[in-house]
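[1] I'll drop the sequence and a predicted model, then ask my questions.
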Amino acid sequence: MKKTVQILSMLLIALTVMVSCKKDTDPADRDFFVGTYKGSVSYRNGESTITSTDGKVTVSKIGETYNFYFGNNIPDITGVKFEKSGDNTYVSVGSGVTGITIDASTLKMLVSKDGQTWTANCTR
């Protein structure tokens, strides 16, 4: 009986260790770059230009797409898709929204779409 309890105890310990040890997850897979970035931002359409050296861009994720919300009366960019490029760096893909590179600490953007241009060079 004593030997059976020891074997069951060892199996329980082994099972606990196996269940608690998860595979390492890439931080970018956990939406690590969702948040607010601060730095230089600008927007230009045919009529006006808005620039700010202390601007901010808030990044959020809905489903498989990302949205970029600007302050300073700059229109938002929504529905952007990304693909991985290197370690924890993503670049935008798709029509009209190429030119965005993002990782956990930097956001760089040069997007031209429908006669409008957005730029950002931000960090967090």
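    Now that the structure is in, tell me what you want to look at.
[2] from the chain's centre, how far out does the one helix or strand in the chain whose mean pLDDT sits lowest sit?
    Every helix and strand of the chain was ranked by mean pLDDT, DSSP states H and E. The lowest is helix 2-20, at a mean of 74. Offset of helix 2-20 from its chain centre (CA atoms, centre = their mean, to the nearest Å): 41 Å.
[3] counting by contacts, list what the longest strand along the chain packs against.
    The strand spanning the most residues in the chain, taking DSSP state E as the definition, is strand 49-62. Judged by 3 or more CB pairs under 8 Å, 6 or more residues apart in numbering; DSSP states H and E, strand 49-62 is in contact with strand 35-44, strand 65-70, strand 106-113, strand 116-123. Backbone N, C-alpha and C define where each C-beta goes, glycine included.
[4] avg pLDDT for that strand?
    Strand 49-62 carries an average pLDDT of 93.
[5] next one: stretch 90-99
    82.
[6] go through it and flag the buried ones.
    90, 92, 97, 99 (16 or more other CB atoms under 10 Å).
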